[in-house]
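> Next come a sequence and a model predicted from it.
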Amino acid sequence: MRRFVERFGARQLVDEKSRHYREAGLAYISFDDDQLVGRLLADQRLIRLPLVRHGWNLSVGVDEPAWRSWLAGC
């Protein structure tokens with residue numbers, strides 16, 4: 001999780017379209033990265049999936065172009 005936060009920032013890991021995000025009222029609350037990571041770890045249903053790691057490459061959410069480029073380099 002640390003690598004993803006360092007690379008993208010905690011806000012990019014949040015699934016803002018999820019029902020859990022809306023029900024928690026997180027759109028109206030301001031968090032710093034540490035607070036937001038704590039919230040994500042406490043409730044993983046808030047994480048935008050998939051979190052994909054391929055060596056040192058990372059992606060958050062569906063990112064087929066990135067995955068294809070990773071596989072093309074194999």
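That came in fine, so what should we check first? Numbers count the residues shown, from 1 in each chain.

> Now do the contacts for the residue nearest to the spatial centre of the chain.
By Cα atoms, centre = their mean, the chain has its centre lying nearest to L13, at 2.1 Å. By Cβ atoms under 8 Å, 6 or more residues apart in numbering, the contact list for L13 reads 1, 4-5, 36, 40, 47-48, 51, 60. (Glycine included, C-beta is placed from N, CA and C.)

> tell me which strands and helices the helix or strand bottoming out on mean pLDDT in the chain is in contact with?
The least trusted helix or strand in the chain, going by mean pLDDT, DSSP states H and E, turns out to be helix 19-24, with a mean of 92. Applying 3 or more Cβ pairs under 8 Å, 6 or more residues apart in numbering; DSSP states H and E, we find helix 19-24 packed against no helix or strand.

> Only alpha carbons, please: show it as PDB.
The C-alpha trace of helix 19-24 is given here as PDB (Å, rounded to 0.1, in the frame of the first residue of the first chain):
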ATOM      1  CA  ARG A  19     -21.500   3.000  -2.500                       C
ATOM      2  CA  HIS A  20     -19.300   2.800   0.600                       C
ATOM      3  CA  TYR A  21     -17.700   6.100  -0.200                       C
ATOM      4  CA  ARG A  22     -21.000   7.800  -0.600                       C
ATOM      5  CA  GLU A  23     -22.500   6.200   2.500                       C
ATOM      6  CA  ALA A  24     -19.500   7.300   4.600                       C
END
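
> Next up, phi/psi of I29, please.
Here is the backbone geometry of I29 (degrees, to the nearest 10): phi -120, psi 140.

> Check the gap between it and S59 for me.
According to Cβ to Cβ, to the nearest Å, I29 and S59 sit 26 Å apart.
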